[in-house]
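1. following is a predicted model, sequence given first.
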Amino acid sequence: MSRSRLFPKLFIVALISHSYSSEENNGIFQSDIGDQMTIGLSDTGYKSVQLKCGSNSMLVALETDEDFDGVIYTRGNFHDKTSACFLDPGPQRGQRSFSIKFPLDQCNTKKKGETYSNTLVLQHDKELIMPGDAAFHLECDYSKPRDVTVNANLHNEKSVTSRITLTDADPSFKKNKRDKRSTIENKTDSVVLTQEFLRGRMSPNI
Ligand SMILES: *[C@@H]1O[C@H](CO)[C@@H](O)[C@H](O)[C@H]1NC(C)=O
C-alpha cells in the first residue's frame, strides 16, 4: 500500500470514529469503507466555480447542481469552523450558490514569487470527506507582464492571471498528469471553471 493511499484512509477512519464513536458496529463500518475508498477527481457535485483574485483576498463563488448541505473550506482548515477559511451554509434547504472570501495572508494560502495559491474543498457531508467530493486548486498570479512598467498597480486587473485546477479532495493528494487538462486559466483577475468544460476535456473514466 502506498503512502499516499494510506493517509486518506486514516483520515477518513479518524473522522468516522469521531462521528460514530458512541455507536456500535463501529469496526465493521470502518473496515468496509477503509478497504475500498479512493476519492479521485470528481466531475459531479458542482456546476461552476468562479475565482476572483482581489488585491488581498481570493473570492470564490460556487454553484452546486443539487441542494448542498455540506461544508466548504480551504484545505487544512476543516477544524477551524468559525474562521474566514470555513463556510458552513447552515441548515437552510434549497441553496445552490455559495461564496467564500479569504485573505491572501490567511487560510494556509501559499506564496511563491507573486503567485498565491490555495485549495478549496467542497465536501458534501458536514463531517466526512467522501468519493464524489471535489477540491479546487486556486491560483492568483500577480506578476507583471514584462512590458508593463514599474509603476503599474501590482494588482491591476491586467496584470493578474487567475487559474483553477480540479484536484483530488483526498488530503494527501499529489499532483498527477491530469493536471493540465483539468486547469482553466484567464489572464484577468477572474476565471470560471464549469463542469461542462471539464467533462469535455477529461476522459470518461475519471
Ligand atoms: C476571462 O475574463 C473575462 C473578463 O473578466 C471574462 O469575461 C471571461 O468570461 C473569463 N473567461 C473565463 C474562461 O473565465
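-> Right, received. Where do you want to start?
2. mind giving me the packing neighbours of whichever strand or helix holds residue 135?
-> Secondary structure assigned from DSSP states H and E places residue 135 in strand 134-141. Applying 3 or more CB pairs under 8 Å, 6 or more residues apart in numbering; DSSP states H and E, one finds that strand 134-141 makes contact with strand 48-53, strand 57-63, strand 115-123, strand 161-168. C-beta coordinates here come from the backbone N, C-alpha and C atoms, glycine included.
3. to residue 93, which of those strands lies closest?
-> strand 57-63 (16.2 Å; CB to CB).
4. can you tell me if that closest one touches the ligand.
-> No: shown here: strand 57-63 not in contact with the ligand (CB under 6 Å from any ligand atom), separated by at least 11.9 Å.
5. from the rest of the structure, what touches that strand?
-> 46-52, 72, 96-104, 109, 116, 118, 120, 122, 136, 138, 140 (CB atoms under 8 Å, 6 or more residues apart in numbering).
6. with stretch 190-206 instead?
-> Contacts for stretch 190-206 (CB under 8 Å, 6+ apart): 40-44, 46-53, 65, 136, 162-164, 166, 178, 181-182, 184-185.
7. what is the neighbour count of residue 105?
-> Residues within reach of residue 105, counting by other CB atoms under 10 Å, total 10.
8. can you check residue 131 too?
-> 13.
9. then the one 4 residues further on?
-> When neighbours are counted by other CB under 10 Å, residue 135 registers 24.
10. which of the contacts of strand 57-63 are close to the ligand?
-> Applying CB under 6 Å from any ligand atom to these, one finds that nothing falls near the ligand.
11. before we move on, back to that, report the buried members of the contacts of stretch 190-206.
-> Neighbour counting by 16 or more other CB atoms under 10 Å classes 41-43, 46, 48-53, 136, 162-164, 166, 178, 182, 184 among these as buried.
12. I appreciate the help and will end here.
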